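Colleague: build me a model:
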Amino acid sequence: MQDLKKKPTFRSHLWVIYLLSILLLFGIWYFQWILGLIMTLLLAASFYYSIRSEIILQNEAEKYITTLSHRIKKVGEEALLEMPFGIVLYNEDYKVEWTNPYMNQFAEDDTLVGKSLHSLGDELIPMIKEDKEEIWFELEGYKFQTTVKKEERLLYLFDRTSQVELQTLYYNDQTVLAIIFLDNYEEITQNMDDTTKSQLNSQVTSVLNEWSKSYGLYLKRTSQERFLAVGSKEILKKLEKVKFDILDEVRELNGEQNNPVTLSIGVGAGNVELPVLGQLAQSSLDLALGRGGDQVAIKDETGKVRFYGGKTNPMEKRTRVRARVISHALKELVKVSDNVIIMGHKSPDMDSLGAAIGILNIAKANGVEGHIVFDPDDVDTGVYRLVEAIKEDEDVWQYFIDPDHAEAITGNRSLVVIVDTHKPSMVAHEPLLHLSEYKVVIDHHRRAEEFIENPTLVYMEPYASSASELITELLEYQPKALKLKMLEATALLAGIIVDTKSFTLRTGSRTFDAASYLRAKGADTVLVQQFMKEDLDIYVKRSKLVERSEVYRGHIAISKAEEGQAYGPVLIAQAADTLLTMSGIDASFVISERKDDRIGISARSLGNVNVQVIMEKMNGGGHLTNAATQIEDTTIEDAANLLKDILDEYYEGRETE
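Modeller: Presented below is the predicted three-dimensional model:
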């Protein structure tokens, strides 16, 4: 086409030549008429030939353009109708006005015209209304990537099924590493003879080998109590679908004295290098063990963690050797610190206050100034009497400071000790965590995903009854100069008694040893009962909460407080404890409004129901038998419905007890 446009310019030059030739002929005719005649004939012949060529060329060009336009139009029509992707035009009511033949294969009566876009997918219209330019949806097994031209009310649907299948295949084939650990192997086998120990090893190895073969895992035993498993994400999906039932199989293997063998599994998954995958697996195992064992922790490259198992009460595995080592390490940290800043969790309970007083005495025994962070505006009625008793003893009360004062005296060389919690969001004053490089965490709760960053020393024992019990053991290995006052020993004992429900729950032999030590130091059990007394109006409120309970799934009590009535965490915890004493009740949940406009849930169980797992799904935590959560921007009714949904999911695939 560009050549055709250039030719008229060339022809204009010819006309100039013809004009010059005519002028030249006049001169030739004037001087030599015969030559002029010959030249005239030649010029006429040339002129005729030029005009004839011009006409032929023009006709050919018109024919070529006509043919080309027809071909382009035909190709466009064929492309529109035969392209291997879908084209859909719709009207203002989201009904199909026209489709190309490609889309007819998805119509029940050979056409989609006149039907709503809902026939292609329920999610299509809502996503178009959201002004999305690209939509992914599934239609009859096909995965479509859809481009939306909203102004033209036009959809282009591209089949991406093969691409999605390839991506799924790549995802499912990613390597997964798992470290399997026998939680209590050492404790169970320490008194076994070689024959019995060999039989137990054979049983465990046989069960794990059968399990690995059935799922296609590569399994290698790396030590007496540790295995390494290699698989894929597809295998991991299958294991998650059955909720890692290998935990139950191994637990059924009984050693001497009928002690169950339990497993903890740490899984590393994600599109990362193998060394990083190994670190994720080890980190997951540490998390599972920190939560009491007998469970699976799965961590991917984003740091997100999923948990399975944790159905049983953890066995007591602490040794006095570990307590002595931790006590010595804590003593050395205290000695090199400028001061010791101690804090428990928000709305402190007996255990939190008692444990803080215990750490204060460790600081004093080593000649270092110590202070307990205490917010007078964050005191619950459950510890009111203990706080009043402390205020009357100036020797103890002088070490209690408010959060602002604590910030003023906390420096880079201060030692910040956190007791009875390990979550930054739960500590009495979170900014203190960022003012010092040295932090110690002492807690008896199962470890959650949220954890204080970069602690110098961690002493977490989910097998212990309380933080007060742990710290009482640490006190036994401190310098002889340590002298507990009667009130201080009583506060520690009160923490143990409250958390064990008077030595009825989560109580081991070490619990009684700690109580005996405190009793020898002058702890007054009568005074403990005075601290634990409650007012009549609190008893009435608790009774109303119990009265408002309902039984769910045959053995779970759920109580919902009345709207507009705020209750403290201690009161709803007491109500949950009371519900647990009722016949046929295995777990209890009490839901109420709080003074901070959040909804609080307190959960208790006898061990058959893992309330910690349930509360973690609601951004809470705690123990297998004792947990809680607080939820923002919701109502009591919505929280109760969410709880029931989580309970239904928890019991999915299990036998209803």
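Colleague: and the closest residue to Ser466 other than its chain neighbours, what's its pLDDT?
Modeller: Spatially, and ignoring its direct neighbours in sequence, Ser466 is nearest to Asp499 (3.8 Å; CB to CB, 6 or more residues apart in numbering). C-beta here means a position set from N, CA and C on the backbone, and glycine is covered the same way. In this prediction, Asp499 carries a pLDDT score of 85.
Colleague: repeat for Arg510
Modeller: pLDDT, Arg510: 86.
Colleague: again with Gly495
Modeller: 92.
Colleague: which helices and strands does the helix or strand harbouring it pack with?
Modeller: Gly495 belongs to helix 486-499 when assigned by DSSP states H and E. Helix 486-499 sits against helix 350-365, helix 384-392, helix 467-475, helix 509-520, helix 525-532, with contacts defined as 3 or more CB pairs under 8 Å, 6 or more residues apart in numbering; DSSP states H and E.
Colleague: ok, now with 6 Å
Modeller: Packing contacts for helix 486-499, counted by 3 or more CB pairs under 6 Å, 6 or more residues apart in numbering; DSSP states H and E, involve helix 350-365, helix 467-475, helix 509-520, helix 525-532.
Colleague: name the residues that touch stretch 359-376?
Modeller: Contacting residues not belonging to stretch 359-376 are listed as 331, 334-335, 339-343, 356, 399-401, 403, 406, 417, 428-429, 478-479, 481-482 [CB atoms under 6 Å, 6 or more residues apart in numbering].
Colleague: cutoff 8 Å now
Modeller: 330-331, 334-335, 337-343, 348, 356-357, 399-403, 405-406, 409, 417, 419, 428-429, 432, 442, 471, 474-475, 478-479, 481-482, 484, 488 (CB atoms under 8 Å, 6 or more residues apart in numbering).
Colleague: ditto for stretch 385-400
Modeller: 350, 353, 357, 360, 370-372, 374, 379, 485, 487-488, 491, 494, 527, 530-531, 533.
Colleague: let's see it at 6 Å
Modeller: Leu360, His371, Ile372, Phe374, Val379, Leu487, Phe531.
Colleague: what's the straight distance from one end of that stretch to the other?
Modeller: End-to-end distance of stretch 385-400 (CA to CA, to the nearest Å): 16 Å.
Colleague: ok, stretch 369-384 next?
Modeller: Its first and final residues considered, stretch 369-384 spans 26 Å by CA to CA.
Colleague: can you give me the buried ones in it?
Modeller: For stretch 369-384, the neighbour count (16 or more other CB atoms under 10 Å) marks Gly370, His371, Ile372, Val373, Phe374, Asp375, Val379, Asp380, Gly382, Val383 as buried.
Colleague: buried ones among the contacts of stretch 359-376?
Modeller: 330-331, 334, 337-343, 348, 356-357, 399-401, 403, 406, 417, 419, 428-429, 432, 442, 471, 474-475, 478, 484, 488.
Colleague: next step: those restricted to strands.
Modeller: Cross-referencing those against strands under DSSP state E gives Val340, Ile341, Ile342, Met343, Phe400, Ile401, Val417, Val419, Ile442.
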